[in-house]
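In: quick one: sequence plus predicted model below, questions after.
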Amino acid sequence: QVQLVESGGGLVQPGGSLRLSCAASGFTFGTYWMYWVRRAPGKGLEWFSTISTGGNTNYANSVKGRFTISRDNAKNTVYLQMNSLKPEDTAVYYCAAASGRISPGRLNYDYWGQGTQVTVSS
């Protein structure tokens with residue numbers, strides 16, 4: 001049974017930091033590209049970060065320089081370090097997995113997590 005379980009969300013003040021984790025099981029994690037996607041209140045899904053099987057990363061302009069994606073294949077886990085958080089980062093954050101590269105905006109991943117809420121507010 002495939003599972004992606006996000007954790008680490010919560011309430012943080014503007015300028016603060018959070019680290020999200022996504023624990024994977026039920027598939028060969030090291031052979032999958034991993035993605036982070038979010039849905040802000042009243043808006044659609046937004047891709048913002050990718051990490052390849054080889055560790056190459058890609059970011060949307062909205063988070064570049066503030067967010068860092070990483071993976072630990074030994075732990076079957078992908079991480080998202082979020083710094084300098086802004087109120088507009090408030091969203092439900094999802095991790096997703098695909099057996100190959102998915103272009104930003106396509107969102108047709110093989111597996112999805114259930115999401116974790118991140119709220120940036122004073």
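Out: Sure thing, it's come through.
In: surely Gly30 is within a strand?
Out: No - counting by DSSP: H, G, I helix; E, B strand; the rest coil, Gly30 is not found in a strand; it is helix.
In: just checking, it touches Asn73?
Out: Yes - using Cβ atoms under 8 Å, Gly30 is in contact with Asn73, at 4.2 Å. All C-beta atoms are positioned from the backbone trio N, CA, C, and that covers glycine.
In: who are the contact partners of Ala23?
Out: For Ala23, the contact set (Cβ atoms under 8 Å, 6 or more residues apart in numbering) comprises Gln3, Leu4, Val5, Ser7, Lys75, Asn76, Thr77.
In: what number of residues lie near the last one?
Out: What that stands for is Thr77. 18 (other Cβ atoms under 10 Å).
In: you'd agree it is up against Ser21?
Out: Yes - contact criterion Cβ under 8 Å: Thr77 and Ser21 qualify, at 5.7 Å.
In: just the buried residues from the contacts of Ala23, in PyMOL please.
Out: Entered in PyMOL, the line below selects the buried ones among these, by 16 or more other Cβ atoms under 10 Å:
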select buried, resi 4+76+77
